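>>> Any chance you can model this:
(2 chains)
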Amino acid sequence: MNKLLISTLLASAMAFPAAAETLRVGVATAQTGALAPFDTPVIDGIHIAVDEINQAGGIDGKIKIELLEKDVRSDAAQTSIATQELVDEGVSVIVLPCDADPALAAIGVVTEAQIPAISTCASSPTLPQIGGDYMFANFPGDNVQATVSAKWAYDEGHRSAYIIYSPDTQYTTMPLYFAEVFEKLGGKMLGEDTHTIGQQDFSAIATRIAALDPQPDVIMTSTYEPDFPSMLKALRAAGVESQMIGSDGIDSPTTFSLGAVAEGLVFTTAGHPTEGSPLEAFNKKFEEVNGKAPETVFNAVGYDLIKVIEAAVIAADGSTDAQTLRDAIANLENVQGATSMITYKGTDGMPLREVSLIRVKDGGRELIGQPTPDAALIPEPRVQ
Amino acid sequence: MDLFLQQTVNAFALGGTYALLALGLAMVFSTMGLINFAHGELMTIAGYILMACGLAGVPFAFSILLAIAAAVLAAIVMERIAFRPVRNASGATMLVTSFAVSMILQVLFQNFISARSQAVFVPEILSESVRFGGLVIGVNKIAAIVTTIVMLILLDRFMKHHRIGIAMRAAAEDFSVARLMGIRANTVIAGAFALSGFLAGVAAVLWVSQRASVDPLMGFTPVLKAFIAAILGGLGSLRGAVAGGFLLGFIEIYLAAYLPAGMQEFRDPIALCLVVLVLIFRPNGLIPSPALKAEKV
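Next comes the predicted model:
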């Protein structure tokens, strides 16, 4: 018995330095359910980054990344359970689902275990605020996106606006930030409407807006598919001709295949593959690996997430200790991701990164610009 | 006044779609006492066929036929594989089976097609609108209203004059007596499923052409609305399902149109309260099924 004990102790003592050569990254994301459309492309990007790093010998040439993946089925309770399992398996960093609500469900576990957690693509600025020191986001904040689009609309000479939002999630309340910035700039809000996520029919709202005299110059919404196409078609069919502005949720092939109704639509997203940009290089790589071009920028967002973790490990001198990594992430500056430069230093966990303004032209993307918004204009994060 | 008329047209179009959906649910419920929650997935299947046809360049009119045929086929297969073995089990068992079928299909769509919404090619004409005096009516609204009316007339004739239709009505009244009269249970139930698949296919075309996309979870909302409409109309009663569908459409559109802005967030709960209110006064629904023996205690 003693022999067994000693040999076990010896074995574990020997295994310990070897374990430090691997960084265990826990991935608790939605591979099925309502959030899967966003989490699955992010995971594809994560795999590309991890394979790339591991093939090159690991982070800094020596630390391999090991992914431990669990499907949380877009369910808050399941996210919390999966996170606890990952903590028990000894991971150093945890990746959480795209939306703020399931990500927050895991925050008790993450804080208790003192392990840093990054949401794949939640953009609500309240997520790290509520989530505390261990919660990080990986996408331009809703308030920043809304500032960029409101400023653009105002600069284009639009003076009146209307918003359509859904109080169902934090993300879909982004138009409230838009209204705040638009009014601060001197624009006039003509009204607002709310809808439910999954609502089929937008004709009542469309009829009401069509009856306004004069019609709003701009209509802003952060509704995403499948509701967005339905809303857009209803508005156009009712005769509303206002400039439509959306957000990253509609950065998807569906939007570009809507035909005439989507022409001229403007939205904010995480990046654009300009010539010679890292995103263009990433898209090429994605095509090599998967045999088809990426459908959405969320692939690159996943790549960025691993780049952030890699940079944090390097900044922490190769440490895989969770607490050290948390501090390292919080102090990262100008990490080059596929979509943009990413900075966490000086923020509360919501990264500073570029926002791209895209216009739909001839069923394709046209880059309007990648402006950095004036910090004074950006509204304070708030829980709606 | 124009605004009111305009919203009424909207209500007719939405109510018509709900009526078709509720009718599909009621069709199956009236013959075998099953609320088929996988009805929505029949719509999703039709939606994916529309998507595939669009990609393959099949003309839209022809792809509509293929989509409806696929929904009918899927409904028959569903009955054969999943529901026939539990036909004599309790209502609860059948309900759980239908949930299981629905979830299995959703996961299959997610894993084998895509978790993301897929674009569906819809002819530009359906996004356009026509002016009648002061009214602006979308072509897809007109299509929805006309389709609903045609479907309801066809169905009414089928149920009244066709042999299987008559058998289905008999089975809905009293299945055991109908069997004693020599009506085959398998034929009637398979017929009910095929018809419900047909209705799901038609509703799917209307639903999908409005949103120009199809996603794995698309079936949930319509089946929920259909369920509410069927209860509202009187579960198991076909005319009731139609009435319930229209009433639900009217309630939703008028609330969205006339509730004050501050109250809009509570639109859905208010709509459901109105449904409950109707049920308090008519506990068996608007047009109760003669087979339903529920009593107010």
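
>>> Could you pull out the helices in the stretch 251-384 of chain A for me?
Ranges of helices in the stretch 251-384 of chain A, per DSSP state H, counting those that start in this stretch, are A:253-256, A:278-290, A:298-315, A:322-330.

>>> Render the CA-only coordinates of the third one in PDB, please.
It refers to helix A:298-315. The C-alpha trace of helix A:298-315 is given here as PDB (Å, rounded to 0.1, in the frame of the first residue of the first chain):
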ATOM      1  CA  PHE A 298     -18.000  35.900 -35.600                       C
ATOM      2  CA  ASN A 299     -15.400  33.400 -36.900                       C
ATOM      3  CA  ALA A 300     -12.700  36.000 -36.600                       C
ATOM      4  CA  VAL A 301     -14.100  37.100 -33.200                       C
ATOM      5  CA  GLY A 302     -13.300  33.600 -31.900                       C
ATOM      6  CA  TYR A 303      -9.800  33.800 -33.300                       C
ATOM      7  CA  ASP A 304      -9.400  37.100 -31.400                       C
ATOM      8  CA  LEU A 305     -10.400  35.500 -28.200                       C
ATOM      9  CA  ILE A 306      -7.600  33.000 -28.300                       C
ATOM     10  CA  LYS A 307      -5.200  35.700 -29.300                       C
ATOM     11  CA  VAL A 308      -6.100  37.600 -26.200                       C
ATOM     12  CA  ILE A 309      -5.500  34.500 -24.000                       C
ATOM     13  CA  GLU A 310      -2.200  33.900 -25.800                       C
ATOM     14  CA  ALA A 311      -1.100  37.500 -25.200                       C
ATOM     15  CA  ALA A 312      -2.100  37.200 -21.500                       C
ATOM     16  CA  VAL A 313       0.000  34.000 -21.000                       C
ATOM     17  CA  ILE A 314       3.000  35.700 -22.700                       C
ATOM     18  CA  ALA A 315       2.500  38.800 -20.500                       C
END
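
>>> Summarise which helices and strands that helix is packed against.
If you count contacts as 3 or more Cβ pairs under 8 Å, 6 or more residues apart in numbering or on different chains; DSSP states H and E, helix A:298-315 packs onto strand A:22-29, helix A:36-55, strand A:93-96, strand A:117-119, helix A:278-290, helix A:322-330, strand A:335-336, strand A:341-342. Where you see a C-beta, it was placed from the backbone N, CA and C, and this is true even at glycine.

>>> same deal with the last one?
For helix A:322-330, the packing partners by 3+ Cβ pairs under 8 Å, 6+ apart come out as helix A:298-315.

>>> neighbouring contacts of stretch B:59-72?
With contact meaning Cβ atoms under 8 Å, 6 or more residues apart in numbering or on different chains, stretch B:59-72 is reached by B:42-43, B:45-47, B:49-50, B:53-54, B:58, B:121-123, B:194, B:197-198, B:200-202, B:204-205.

>>> Report the buried residues of stretch B:159-174.
Neighbour counts using 16 or more other Cβ atoms under 10 Å in any protein chain shown place B:159, B:164-165, B:167-172 of stretch B:159-174 among the buried residues.

>>> so which of those residues comes closest to chain A?
Among the buried residues of stretch B:159-174, residue B:159 lies closest to chain A (Cβ to the nearest Cβ), at 27.4 Å.

>>> if I pick residue B:33, what's in contact with it?
B:91, B:94.

>>> Is there proximity between stretch B:3-19 and chain A?
Yes: using Cβ under 8 Å from any Cβ of the partner chain, stretch B:3-19 reaches chain A at B:3, B:6-7, B:10, B:13-14, B:17.

>>> Run through the contacts of stretch B:59-72 and flag the ones next to chain A.
When Cβ under 8 Å from any Cβ is applied, the members of the contacts of stretch B:59-72 adjacent to chain A are residue B:121.

>>> In ChimeraX, select just the buried ones from the contacts of stretch B:59-72.
A single ChimeraX command selects the buried members of those (16+ other Cβ under 10 Å):
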select /B:42,43,45,46,47,49,50,53,54,58,121,122,194,197,198,200,201,202,204,205
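
>>> Flag the shaky bits of the chain, pLDDT-wise.
Chain wasn't specified; assuming chain A. Low-confidence segments of chain A (pLDDT under 70): A:1-20, A:384.

>>> hm, I was asking about chain B
Filtered on pLDDT under 70, chain B yields the residue ranges B:1, B:291-297.

>>> where's the residue positioned nearest the centre of chain A relative to chain B, distance?
Per Cα atoms, centre = their mean, the C-alpha nearest to the average position across chain A is that of residue A:121, at 2.2 Å. Using Cβ to the nearest Cβ, to the nearest Å, residue A:121 is found at 13 Å from chain B.

>>> quick revisit: only whichever of the residues of stretch B:3-19 next to chain A are buried, select them in PyMOL.
Of the residues of stretch B:3-19 next to chain A, the buried ones go into a single PyMOL selection, burial set by 16+ other Cβ under 10 Å:
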select buried, chain B and resi 6+7+10+13+14+17
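
>>> so of the residues of stretch B:3-19 next to chain A, which ones are in helices?
B:3, B:6-7, B:10, B:13-14, B:17 (DSSP state H).

>>> hang on, residue B:201 packs against residue B:48?
No: using Cβ atoms under 8 Å, residue B:201 makes no contact with residue B:48, being 11.8 Å away.

>>> Which residue ranges of the stretch 51-200 of chain A form helices?
Under DSSP H, counting those that start in this stretch, the stretch 51-200 of chain A gives helices at A:76-88, A:100-105, A:107-113, A:126-131, A:142-155, A:174-185.

>>> Which neighbouring elements make contact with the fourth one?
It refers to helix A:126-131. Other elements packing on helix A:126-131 under the criterion 3+ Cβ pairs under 8 Å, 6+ apart are helix A:100-105, helix A:107-113, strand A:135-136.

>>> which of these is buried the deepest?
Highest mean neighbour count of these: strand A:135-136, a mean of 28 (counted as mean count of other Cβ atoms under 10 Å in any protein chain shown).

>>> And residue B:217, how close does it get to residue B:40?
Residue B:217 sits 9 Å away from residue B:40, going by Cβ to Cβ, to the nearest Å.

>>> Mind jotting down where the strands sit in the stretch 151-300 of chain A?
Counting by DSSP state E, counting those that start in this stretch, the stretch 151-300 of chain A has these strands, from start to end: A:160-165, A:188-194, A:218-221, A:243-246, A:266-269.
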